[in-house]
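In: need coordinates for the following:
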Amino acid sequence: MIETAEAVSRQVDILRSTGELSPAELEAIGIRLQEYAEEASKPVVVRVLLGVGAWCAAVFVMLFVQFILQGKGLLPCGLAWLMLAVGLSRTGKGVFASQMALALALAGDIGILTGVASAVPGETLAVIAILQFFLSLILYPLLPSSVFRFAATFSMAALAAAWMVEKVVLWPFHLMVAAELILFMTLIVRKRRAPAYFPLEKAVALLLPLTLLGFDLARMVHQASPLFPPSWPSGLLLCGALVVILFHPAIGLPVLPGPWKIGLPAACVLLGLFSSPGLPAALLLLILGRARGERYLTVLGWIFLPVFLGFYYDGLDIDLARKAWVIAGSGLLLLGVRRLATFRPGEEI
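Out: Numbers count the residues shown, from 1 in each chain. As a prediction, the model looks like this:
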């Protein structure tokens, strides 16, 4: 934590010299750095014990209240836990307060969803998915915990996907992919990326390939159904995003020579039309991870790329000889992507 605070302090000094931070922003950053320094002065064992103690205290308090209420009143209890979490996160300082606020926030979220689900029979998944959307929208600016922000965003999408799979309503998958892609691209291409949106950015970066993976798994289960939607709409959207990052100046990729300006977009369109939409998503994560210096994007890209290649290879309705040519062509494509991703200024493509 000390090294992180020192790195942030050096970066703040650079931004102060360039005039990119206002006096109010500098004052807020200074207060947070002082808090980090105070926390870092405590031994690691003490911080761990404080965090564990906060979770134990929160769990015992919630169990005691539920024991008194005999398991009833989940909805009002959930609202109470959330209000306590917001107040504690705003007024409390240190590991104990932040971890107790996190425990209360997660318990409050689950309590509200469980209480509403027990009161609304029938379309339970649809109701709690919509409710989680509004809870995430309201609580994201109120609770500064990165863990809660990530978990709330992820659970919202997971509930929506579970409803679509349960009802075999798969066309909205394309709408979900479009929403995730637009949000992710909006966050990642910003020149000044606000730290408050980092949990949202990481959650959406993970949700995008997982949503496409869920689509491929559902296609394997319902491939005989004539109502199953084609995959090319999501593929074209993702390949359009690939074209955008190839030419967007904020990404930092090299300026493409004349033939590449035509060949690469054409290859992206073909990739979107005739391959699994997960392939351009994995390539998107790989290129952005390398260009923006975000290791988590690179790791996600390398994890999901062989997975989607396997789905694409398994779904090809051709003989083994042609599948071998497809593998060879995929290897050449990956070599080209690797060359583009490892480009350094001053080199020629």
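
In: from now on I want contacts and neighbour counts done on CA atoms only, so please keep to that.
Out: Will do.

In: same for the strand or helix carrying Ala97, what does it pack against?
Out: According to DSSP states H and E, Ala97 maps onto helix 94-119. Where contact means 3 or more CA pairs under 8 Å, 6 or more residues apart in numbering; DSSP states H and E, helix 94-119 is packed against helix 23-40, helix 44-69, helix 74-91, helix 124-142, helix 146-167.

In: the stretch 201-349 of the chain: helices as residue ranges?
Out: With helices called from DSSP state H, counting those that start in this stretch, the stretch 201-349 of the chain shows them at 232-247, 258-274, 278-292, 295-315, 320-341.

In: quick check: pLDDT value at the residue nearest to Arg295 when sequence neighbours are not counted.
Out: Nearest non-adjacent residue to Arg295, counting by CA to CA, 6 or more residues apart in numbering: Gly289, 5.9 Å away. We have a pLDDT of 84 for Gly289.

In: Gly289 contacts Thr298, correct?
Out: Yes: contact criterion CA atoms under 8 Å: Gly289 and Thr298 qualify, at 4.6 Å.

In: in the helix holding Ala97, which of the residues would be classed as buried?
Out: Buried residues in helix 94-119, counting neighbours by 16 or more other CA atoms under 10 Å, are found at 95-117.

In: what's the angle from it to helix 146-167?
Out: Helix 94-119 and helix 146-167 are oriented at 20 degrees to each other (axes from the mean of the first three to the mean of the last three CA atoms, to 10 degrees).

In: helix 94-119 to helix 124-142, inter-axis angle?
Out: Using the same axes, to 10 degrees: helix 94-119 against helix 124-142 is 150 degrees.

In: in stretch 173-184, what's buried?
Out: Phe173, His174, Met176, Val177, Ala178, Glu180, Leu181, Phe184.

In: among these, which are located in helices?
Out: Mapping these onto helices (DSSP state H) picks out Phe173, His174, Met176, Val177, Ala178, Glu180, Leu181, Phe184.

In: now the residues you listed as a markdown table including pLDDT?
Out: Shown next, in a markdown table, are those (pLDDT from 0 to 100):
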| residue | pLDDT |
| --- | --- |
| Phe173 | 83 |
| His174 | 85 |
| Met176 | 89 |
| Val177 | 89 |
| Ala178 | 90 |
| Glu180 | 90 |
| Leu181 | 90 |
| Phe184 | 89 |
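
In: lowest average confidence across helices and strands of the protein, where is it?
Out: helix 2-18 (a mean of 56; mean pLDDT, DSSP states H and E).

In: the spatially closest residue to Ile188 that is not a sequence neighbour: what's it in contact with?
Out: In space, and not counting its chain neighbours, Ile188 is closest to Glu201: 7.4 Å by CA to CA, 6+ apart. Residues near Glu201 by CA atoms under 8 Å, 6 or more residues apart in numbering: Phe184, Leu187, Ile188.

In: of those, which is the nearest to Pro277?
Out: Comparing these against Pro277 with CA to CA places Phe184 closest, at 16.2 Å.

In: give me the nearest residue to Gly53, chain neighbours excluded.
Out: Phe96 (7.3 Å).

In: hang on, isn't the one you found packed against Ala58?
Out: No: Phe96 is beyond contact range of Ala58, at 10.5 Å (criterion: CA under 8 Å).

In: give me the common contacts of those two.
Out: Residues touching both Phe96 and Ala58 (CA under 8 Å, 6+ apart): there are none.

In: what about the nearest residue in space to Ile110 that is not next to it in sequence, how many residues nearby?
Out: Closest residue to Ile110 apart from its sequence neighbours, by CA to CA, 6+ apart: Gly78 at 7.2 Å. Gly78 is flanked by 24 other residues according to other CA atoms under 10 Å.

In: so how far is Pro172 from Ser275?
Out: Going from Ser275 to Pro172 by CA to CA, to the nearest Å gives 20 Å.
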